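# Prediction below, plus the sequence it came from.
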Amino acid sequence: MTPLLSVRDLHVWLDTARGPLSIVDGVSFDVGEGQVFGLAGESGSGKTITALALLGLLPAGARTGGVAIMAGRDLLAMRTSERRRTRGREIAMVFQDPTSSLHPMLTIERQLTEHLRYQLGLSGKEAHLRAVALLTEVRMPDPEAAMRGYPHQFSGGMRQRIQIAIGLACEPRLLIADEPTTALDVTVQAGILRLLRRLCKEKNLAVILITHDLGVLSALADSITVMYAGRVAESGPTSQVMGHARHPYTRGLIDALPHPEAPDRVLIPIAGDPASPESRPSGCAFHPRCRYSRPSCQIAIPPLIPIDDGREMACPVDPFMASVAR
Amino acid sequence: MSSVTVLRQPVASAWRRIPGAWRQPLTVVGLVVVAAWLLVALLAPWLAPHDPLAQGSNLYQAPSATHLLGTDELGRDVFSRVLWGARISIPLAMLLVVLAFLIGGTLGGLAGYLGGWVDELVMRGADFVFAVPTILLAMAVVAALGPGLFHAVLAVVLVSWPGHARVVRGLVRTIMQSEYVAVGRLLGSPTHRALAVDVLPNIAGPVSVLAALETGNAILLLSALSFLGLGARPPDPEWGSMVSTGAQHFEAWWIGVFPGIAIVSIVLAFNFLGDSLRDAFDPKTIIKARGA
Amino acid sequence: MSLLELRDVKVVYQRRDGTLVPAVAGASLDVDAGEIVGLVGETGCGKSSLAKAAVGLVPVAAGTVTFDGRPVHVLGRRARRASERRLQLVFQNPYESINPRRTVGAQVADAFAISHTLPRESWRARVDELLRRVGLPLNLARRFPHQLSGGQRQRIAIARALAADPAMIVLDEPLSALDSSVQAQVANLLVDLARDLHVGMLLISHDLAIVRHVAHRTAVMYLGVIVETAPTAGLWRKPMHPYTQALIDAVPHADGAGHLPVALSGEIPDPARPPSGCRFHPRCPHVMERCLSDVPELVKHGGDRQVACWLHEEPVAARPADDLRRVSR
Amino acid sequence: MFLCLGVSVMAFVLTTVVPGDPAVANLGDRASSDPTAVRLYREHFGLDKPLPVQYFVYLGNLLHGDLGESEQSRRAVRIDLAEYIPATAELAITSMVLALLLGVTLGVIAALRRNRLTDQVIRVVSLGGMSTPQFWLALVALYVFFYKLNWVPGAGRLDAIVLPPPHVTGLFSIDALAAGQLDVFLNTVQHLILPACVLAAFNMGLFTRFTRSAVLEVLENDYVRTARAKGLPEVTVVFRHVLRAASPPIVTVVGLAFGNVMTGTVLVENIFSWPGIGQYSYRSATGLDLTAIVGVMLFVAIVYILVNMVVDILYAVIDPRVGLA
């Protein structure tokens, strides 16, 4: 089965005062229909830029390389007008901060219906009915009243539901959710995760879930790709990657996480700070923080190599092989 | 945290972005022009080919080799008068901005620091000056005290302190409420130390931007008062009054045009400087306080 | 008597429209020397207000805050009393709690520069010692904050507080602005500091999972009141308050098993108009009739636990009947 | 309210505690030779009573709309103002509209083309507008378009041979249109265009700079990205989402810019012989007619306060987060 979206060797350079800066450096992944694809990584790993590149929303002066094929067309090579038609209708995006992602001075109705009317050509009445249906779908209490409200009148969780409703309005096939629960409390986060899971199942919606929170990914994603400093460290089915991490970075991230099940476990932090795009280390970008690094890691960029069933990993040292080999 | 926010993170220090501002061509132009005028003001007696007050027999002479910018209705050399004009406008404007800053900055600082009724009083006072158009107030002052350059300066100081007061007050308030001041205070820092260590270094930048913009404005206002005959008196080679003379002699356009160009060039240069520096600093506080 | 004692503290602030909001509506808490107490709750439950009140950054409307047996004064225009300087605060966002225009070394030195407790010659050495203590390279002292990463800044913020030789540090969400790999570094640092320097810590956090790894005792706050306090291990093993249970159930598990966390119904109400009776009753799965009208007190359960819930009025409380639950809906 | 009181106190101080003795100024040589004339003059204007009494009399008069009597025209300042205000209003409003349209457009373009050549050109133009002395610009414009090219008339509100339209609002352009006098309307516009443009230059620059920075700030916001992610056309994004969010600061500046217009009218009206309060206040200032100039100040301050009240109301209309407290 061909995947819905197939990204191959994606590169993104941003324009800075000191010349082009490589943010994303050769990232490939597939997203299947009805699947949740998780993109994990810390700040500066390039995960948000990857998403913005797919939508063509990169800041001015950015350049891209590689291909992103969706339904037979390359998202990166589209003309502006074509790309605009793709946005909202085929790919929708939900952003991290529901407070700043909704326009503070426009009613919910306006924000829910304007693209319905523009993209699908619905009349005002049709758009209104559809918007109410959408709000009902995301479990918004009293949708009719909510339509007349402004974003500041809602809680963070409700705003995030509104954002999701806006994203779903034109029935896209792919939803990109960038840290959709980071700004929310855990109790509210759980509700949003359940909503996303349900939408995915009921609508056969594909989701790219971008987050630094491995717990969230673990709950929702079918497969994940872990990024570090613009490159893929490890990818594969979630249960495999999370349960038997092979790359020292993935393993380090998991060990550094507080885990509710394991009692009295000490946290094992990764030394140092995440690499920033401005100062990406040579060779394997993770080598200054990696306890398994060898001299060769400082020179050669490790290639992404297939390991077992559908997994890939970019570490020639592979210190955790034994734990998988059993 | 996404990579986009990380890329925006350097916003943390405005100083770091200043080199970028300097690189802009307009900033360089502004800097060069201001420097050039300062030199002219300093060296006018040596640069000017003629005595700015010496009347000649060649009245209304069009620009020529002997009189680069022509002569006026009394046969005085316009070029020399324009150069000498820098000695009046620029030092006065600077003095005026310093005075206005001393008054406005002190009042604004007190208002921001003390809050309460002091704040209320100072800000109402500032509002009140804002409510009356600058030139009307200046005219009223001059009308009350009588015309003259000194009175004009006094009038402009009176109308321009509120700008400084608002900026300084806003900055002092924001910084005094910042978390790093709170941390310092918890460590036992008395407020005067917080003012010296945290507040002053953080307001220096925005204040210098304002100073640049205000210097330009002061030159404009002074020359306008002189144009109306409320500032510099006739024989003085003041740009505004020279334009005023030019207004009565349309055929001899050079009498009024060149002093005007002098004003535009120096004010524009100050504005170039201020505008590009403003991009580098927090723009909001300054924006709120200006406009009038 | 504990090192830091909060007794029935109320913190009230005024909204722009004039309504008075009791952000903290009577909370009591003790922290001992060398002890880390976690204070968890959702956004808007008043935990940050409580933290600020604990160090005197905001006035308490009622109740008392004592540090080392003496009342903590609200920070006014005058310098803070020397006796209170051993009670310090670390803010959440290390991008805002450090002056961008001073070297970090100078800021770390603030405490002794202000208090004159150290001769000027030994400042350098003491700053170096503090940097080493928080695990930062010594050459950082001459840098400006913008040259530092978030994790480094937060360590600087901690070093600044340590410079005052504190007996107690209140930490307001010190970990939530950090990357997950760095979060563990700072969390471990806190544990080390409490153990090695015998500093007491009140750790405010919305992240129950990380608090579990750091805190000896945990207090759970809901809408301005504390609903449960217990030793951390016991709290996780057997949460007594339904809200604590809900918080634990909502934590996602990073094990790749696809376990979906459980959501708590409803939203945190407006603290200006708290629900009657037990403040948690509109969201509680075990709500009973008396929860609607009677306010449960925080009562002792066993030696070291306290809970405010009618389910535990008697040590062995009966589970609520189904018909009672229907009453509330 | 406080502001009004403050202005009135200052107005009073300026009119009474003045070193320049109006009696001497107005009576000229007679003052020194004829002490009775001075005394009569002072009695006539109430200058002989103690200051607090004078102030309360003054305040009472103010509340009745009495701004005193002009020492030059020997008429009530109120009547003088009523005569001159419409001319200034017409000029000021026209220039404000011009400045706003041009400034906001340029500001938006500059923000969208940030740091490119267009932005730099707009920067030069707008800062140029803010750096050019209006009196000089007025003269140059007059020299070029009237004296040399003779495209526009040089002075006044109408040609000498054209009769003003029937007085309704006092704004000739509107009155002329209302009366159906198209030729009068066109003549008005011809007279209006040059001074209005000169007057607009400064505020145009101001609006451009403000709009640019306001729009730039809004463009940083995530909701702009949301709007684009919906696939809305750029025009909609800019005009519906960005400009809407950027409008509160722009509206604030409109309030402030009012002061600039008044400053400008003093200069521009003089040069274009425009019979408005700018010219009136200038004549009063040079004639040391403090009652008149203070009257103008009071009037302008009240308008300023009203304008800013409207701004506050607009704020609440634009931004639902701001309550009408």
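That came in fine, so what should we check first?
# Report all helices and strands that the strand or helix carrying C:Val11 contacts.
Assessed by DSSP states H and E, C:Val11 sits inside strand C:4-14. Contacting strand C:4-14 under the criterion 3 or more Cβ pairs under 8 Å, 6 or more residues apart in numbering or on different chains; DSSP states H and E are the following elements: strand C:20-31, helix C:47-55, strand C:62-67. (Each C-beta comes from the backbone N, C-alpha and C, glycine too.)
# got the contact list for it?
C:20-31, C:46, C:49-50, C:52-54, C:58-67, C:87, C:168, C:170, C:200, C:202 (Cβ atoms under 8 Å, 6 or more residues apart in numbering or on different chains).
# how many degrees apart are it and helix C:47-55 in direction?
With axes from the mean of the first three to the mean of the last three Cα atoms, to 10 degrees as the basis, strand C:4-14 and helix C:47-55 are set at 120 degrees to each other.
# List the buried residues for strand C:4-14?
C:4-6, C:9-12 (16 or more other Cβ atoms under 10 Å in any protein chain shown).
# Can you pull out the low-pLDDT segments for chain D?
Within chain D, the segments meeting pLDDT under 70 span D:1-8, D:10-33, D:38, D:41-51, D:65, D:323-325.
# Make a ChimeraX selection of whichever of the contacts of strand C:4-14 turn out to be buried.
Here is the ChimeraX command that selects the buried residues among those (16+ other Cβ under 10 Å):
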select /C:21,22,23,24,25,26,27,28,29,30,31,46,49,50,52,53,54,58,60,61,63,65,66,67,87,168,170,200,202
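# Send me stretch B:120-130 as PDB with only the CA atoms.
Below are the C-alpha coordinates for stretch B:120-130, written out as PDB (Å, rounded to 0.1, in the frame of the first residue of the first chain):
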ATOM      1  CA  GLU B 120      -0.900  59.900  38.700                       C
ATOM      2  CA  LEU B 121       0.200  63.500  39.000                       C
ATOM      3  CA  VAL B 122       3.100  63.300  36.600                       C
ATOM      4  CA  MET B 123       1.200  61.300  34.000                       C
ATOM      5  CA  ARG B 124      -1.800  63.600  34.200                       C
ATOM      6  CA  GLY B 125       0.600  66.500  33.700                       C
ATOM      7  CA  ALA B 126       2.100  64.800  30.700                       C
ATOM      8  CA  ASP B 127      -1.400  64.100  29.300                       C
ATOM      9  CA  PHE B 128      -2.200  67.700  29.700                       C
ATOM     10  CA  VAL B 129       0.800  68.800  27.700                       C
ATOM     11  CA  PHE B 130       0.000  66.200  25.100                       C
END
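# Which helix or which strand is home to the residue in the stretch 101-250 of chain D positioned nearest to chain B?
Residue nearest to chain B within the stretch 101-250 of chain D: D:Trp136 (3.5 Å; Cβ to the nearest Cβ). Using DSSP H and E, D:Trp136 falls within helix D:134-141.
# mind checking how far that helix is from the chain centre?
Centroid displacement of helix D:134-141 relative to its chain, using Cα atoms, centre = their mean, to the nearest Å, is 17 Å.
# Alpha carbons of it, as CSV, please.
Taking C-alpha atoms only, helix D:134-141 is exported to CSV below (Å, rounded to 0.1, in the frame of the first residue of the first chain):
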residue,chain,number,x,y,z
GLN,D,134,6.0,72.0,7.2
PHE,D,135,6.4,75.7,6.6
TRP,D,136,9.2,75.0,4.2
LEU,D,137,7.3,72.2,2.4
ALA,D,138,4.3,74.5,2.1
LEU,D,139,6.5,77.2,0.5
VAL,D,140,8.2,74.8,-1.9
ALA,D,141,4.8,73.4,-2.9
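# ok so, going back, can I get the helices and strands packed on strand C:4-14 in TSV including mean pLDDT and distance to chain B?
Shown next, in TSV, are those (pLDDT from 0 to 100; distance: least, Cβ to the nearest Cβ, whole Å):
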stretch	mean pLDDT	distance to chain B
strand C:20-31	92	17
helix C:47-55	94	6
strand C:62-67	94	12
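# can you put the ones you listed in JSON lines and add distance to chain A?
Below are the helices and strands packed on strand C:4-14 laid out as JSON lines (distance: least, Cβ to the nearest Cβ, whole Å):
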{"stretch": "strand C:20-31", "distance to chain A": "16"}
{"stretch": "helix C:47-55", "distance to chain A": "12"}
{"stretch": "strand C:62-67", "distance to chain A": "26"}
